[in-house]
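**Student:** Below: sequence and its predicted model.
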Amino acid sequence: MKAIVNVSLKAGVLDSQGKAVHHALDSLHFEGVKDVRVGKQIVLQLDETDKDKAMQEVTKMCEEILANTVIEDYEIELV
Amino acid sequence: MKVSILQFPGTNCDYDTQYAFEKLGAQTEIIWHKSETIPADTDLLVVAGGFSYGDYLRSGAIAKFSPVMKAVSAYASNGGKVLGICNGFQVLTEAGLLPGALKRNDGLHFISKHHMLKVENNDNNFLKKLDNGDLVNIPIAHHDGNYFIDQDGLKELYANKQVLLTYCDEKGSVKNPNGSVDSIAGVCNKEKNVFGLMPHPERAMELVLGSDDGLKMLQGFLES
């Protein structure tokens, strides 16, 4: 099973990289972009075949290391 | 006075820190991160600056799982004095020994220059040789020095006098190089035995190199 973890800054935390990318899109005349958030994607290949167990395990990984929950949120997708 | 200095793969301020504390008359020892203990006679433990583990994932994120960090947590929870400088500050926030987090500088650039700092609270072992409102000229060198803490956490920092230093200009007015909340450059824990700051006092030990203001900052630790 594969786990795709998306980590991004929390809603209230200023995302300077997102802001810079937004600025760049503006200067390239891409209109209609309301907001840009830049995050990172971590892809894990797992031995686990049970979805619930995998979710539990990856959640633990996110809490302990993959995300810094003081400033970041994470989303887990299992495929 | 014995100062133990942590060394991770990628630490690069270990020998500067050693030089600084030896100049002040302390005995020093460099501790490799694989060590599961720290010397029993340690009076101050310094997590030196650099790029531990190449700053992979997040600055300080991997270092917090090094074998030595368990000993660091135990040392701190027994009241031992710990100082994290730059990457050391990032490691201590990642390890949960200091509140808040450090994110990418607002301008997205790596900043390396001298910067003025204002002493906000000297009621602690670190800054007791200085007065509140004193200005010091200390180099900064970081990419992820943008201190963040949520509003509740910030209130608590002020209530407990945990804000140690803020960035300012020559006159002491707020000047924020990296987007830190309230221009905060350094904080301590509630118990005031764990200290962290992004600027490098160990690089300000000689006038010929631009400033020796680091002397009076680090001296505080040498006098009990």
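**Tutor:** That came in fine, so what should we check first?

**Student:** quick one: residue B:116 and residue B:170 touch, right?
**Tutor:** Yes. Applying CB atoms under 8 Å as the test, residue B:116 and residue B:170 come out as touching, 5.8 Å apart. The C-beta positions use only the backbone N, C-alpha and C, and glycine is treated the same way.

**Student:** Please enumerate the shared neighbours of these two.
**Tutor:** Overlap of the contact sets of residue B:116 and residue B:170 (by CB atoms under 8 Å, 6 or more residues apart in numbering or on different chains) consists of residue B:135.

**Student:** Looking at those two, which has the bigger crowd around it?
**Tutor:** Shown here are residue B:116 and residue B:170; by other CB atoms under 10 Å in any protein chain shown, residue B:116 has more neighbours (21 against 9).

**Student:** Return the residues in contact with the nearest residue to residue A:70 once chain neighbours are set aside.
**Tutor:** Excluding the flanking residues, the one nearest residue A:70 by CB to CB, 6 or more residues apart in numbering or on different chains is residue B:101, at 4.1 Å. The contact partners of residue B:101, by CB under 8 Å, 6+ apart, come to A:68, A:70-71, B:93-94, B:147-149.

**Student:** what does chain A put close to chain B?
**Tutor:** Residues of chain A lying near chain B by CB under 8 Å from any CB of the partner chain: A:9, A:12-14, A:16-17, A:20, A:65-66, A:68, A:70-71.

**Student:** let's see it at 7 Å
**Tutor:** Contact residues (CB under 7 Å from any CB of the partner chain) of chain A with chain B: A:13, A:16-17, A:20, A:65, A:68, A:70-71.

**Student:** Kindly indicate which of those lies nearest residue B:160.
**Tutor:** The shortest approach to residue B:160 among the residues of chain A next to chain B belongs to residue A:70, at 17.8 Å (CB to CB).

**Student:** What count of nearby residues applies to that closest one?
**Tutor:** 19.

**Student:** What strand or helix carries it?
**Tutor:** Residue A:70 belongs to no helix or strand when assigned by DSSP states H and E.

**Student:** Report pLDDT for it.
**Tutor:** Per-residue pLDDT puts residue A:70 at 95.

**Student:** just so I have it, where are all the helices in chain B?
**Tutor:** Taking DSSP state H as the criterion, chain B carries its helices at B:14-23, B:68-77, B:87-94, B:151-159, B:214-222.

**Student:** So of the residues of chain A next to chain B, which two are at opposite extremes in space?
**Tutor:** Using CB to CB, the pair of the residues of chain A next to chain B lying farthest apart is A:20 and A:65, separated by 26.7 Å.

**Student:** what about residue 54, how many residues close to it?
**Tutor:** Looking at chain A here, since you left the chain open. Residue A:54, neighbours per other CB under 10 Å, totals 19.

**Student:** try again with chain B
**Tutor:** 11.

**Student:** what sits against it?
**Tutor:** By CB atoms under 7 Å, 6 or more residues apart in numbering or on different chains, residue B:54 lies in contact with residue B:10.

**Student:** What's the end-to-end length of stretch B:112-127?
**Tutor:** Stretch B:112-127 stretches 23 Å from its first residue to its last (CA to CA, to the nearest Å).

**Student:** What's the mean pLDDT across that stretch?
**Tutor:** For stretch B:112-127, the mean pLDDT works out to 96.

**Student:** ditto for stretch B:178-190
**Tutor:** Averaged across stretch B:178-190, the pLDDT comes to 98.

**Student:** got a list of what residue A:75 touches?
**Tutor:** residue A:6.

**Student:** switch to 8 Å and redo it
**Tutor:** Counting by CB under 8 Å, 6+ apart, residue A:75 touches A:5-6.

**Student:** picking up where we left off before, and the helices of chain B: which comes nearest residue B:6?
**Tutor:** Nearest of the helices of chain B to residue B:6, taken as CB to CB: helix B:68-77 at 6.3 Å.

**Student:** and chain B, which residues reach chain A?
**Tutor:** Counting by CB under 8 Å from any CB, the residues of chain B that sit close to chain A are B:57-58, B:61-62, B:65, B:93-94, B:100-101, B:103-108, B:146, B:148-150, B:179.

**Student:** I'd assumed residue B:27 was in contact with residue B:1.
**Tutor:** Yes. Residue B:1 is in contact with residue B:27 according to CB under 8 Å; the separation is 6.6 Å.

**Student:** ok, those two, which is more surrounded?
**Tutor:** Neighbour totals were compared for residue B:1 and residue B:27, and residue B:1 leads with 16 against 13 (other CB under 10 Å).
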